[in-house]
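A.B. asks: 3D, please:
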Amino acid sequence: QVQLVESGGGLVQPGGSLGLSCAASGSIFSINTMAWYRRAPGKQRELVAVITSGGRTNYADSVKGRFTISRDNAKNTVYLQMNSLKPEDTAVYYCNVDVRGSSGYRNYWGQGTQVTVSS
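C.D. replies: Numbers count the residues shown, from 1 in each chain. You can find the predicted model right below:
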């Protein structure tokens, strides 16, 4: 079994910054793709950023140039640095990880962390 623990959400003013982290623990042989999603009130969940095991990244157009995804493979952790935050970035942010364990690859979700951008 694998557990994902997210941290770092909170309240920030427009233009401010926040950093999120998501640490995976448990029966892990390796981790493939790691990603961050978000769900804003009244909207569908959307992909924010993704990073492959080789470090290649991709971002939603709405966050390009403001958000940075990174990972620490030694710590099985993915990060999301969010700068120049806007009210429309308000959402619950979820990490998503593809883990190779004893029974092959499985996909896991974090519990979600609230990010609120408001003055």
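A.B. asks: wait, Tyr94 sits on Asn107?
C.D. replies: No: applying C-beta atoms under 8 Å as the test, Tyr94 and Asn107 come out as separate, 11.8 Å apart. Heads up, the C-betas are built off the backbone N, CA and C, glycines and all.
A.B. asks: Any chance you could list what contacts whatever helix or strand Tyr108 lives in?
C.D. replies: According to DSSP states H and E, Tyr108 maps onto strand 104-109. The set of residues external to strand 104-109 that reach it, using C-beta atoms under 8 Å, 6 or more residues apart in numbering, is Val2, Leu4, Ala24, Asn32, Tyr94, Cys95, Asn96, Val97, Asp98, Val99.
A.B. asks: redo that, cut-off 7 Å
C.D. replies: Val2, Leu4, Asn32, Tyr94, Asn96, Val97, Asp98, Val99 (C-beta atoms under 7 Å, 6 or more residues apart in numbering).
A.B. asks: Mark which of these are buried, thanks.
C.D. replies: Neighbour-count burial (16 or more other C-beta atoms under 10 Å) is assigned, among those, to Val2, Leu4, Tyr94, Asn96, Val97, Asp98, Val99.
A.B. asks: and the residues you listed as JSON lines, adding secondary structure?
C.D. replies: Below are these laid out as JSON lines (DSSP: H, G, I helix; E, B strand; the rest coil):
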{"residue": "Val2", "secondary structure": "strand"}
{"residue": "Leu4", "secondary structure": "strand"}
{"residue": "Tyr94", "secondary structure": "strand"}
{"residue": "Asn96", "secondary structure": "strand"}
{"residue": "Val97", "secondary structure": "strand"}
{"residue": "Asp98", "secondary structure": "strand"}
{"residue": "Val99", "secondary structure": "strand"}
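A.B. asks: Could you dump these into TSV and include pLDDT and distance to Pro41?
C.D. replies: Formatted as TSV, the buried ones among the contacts of strand 104-109 follow (pLDDT from 0 to 100; distance: C-beta to C-beta, whole Å):
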residue	pLDDT	distance to Pro41
Val2	92	29
Leu4	96	23
Tyr94	98	15
Asn96	98	20
Val97	97	25
Asp98	96	28
Val99	95	30
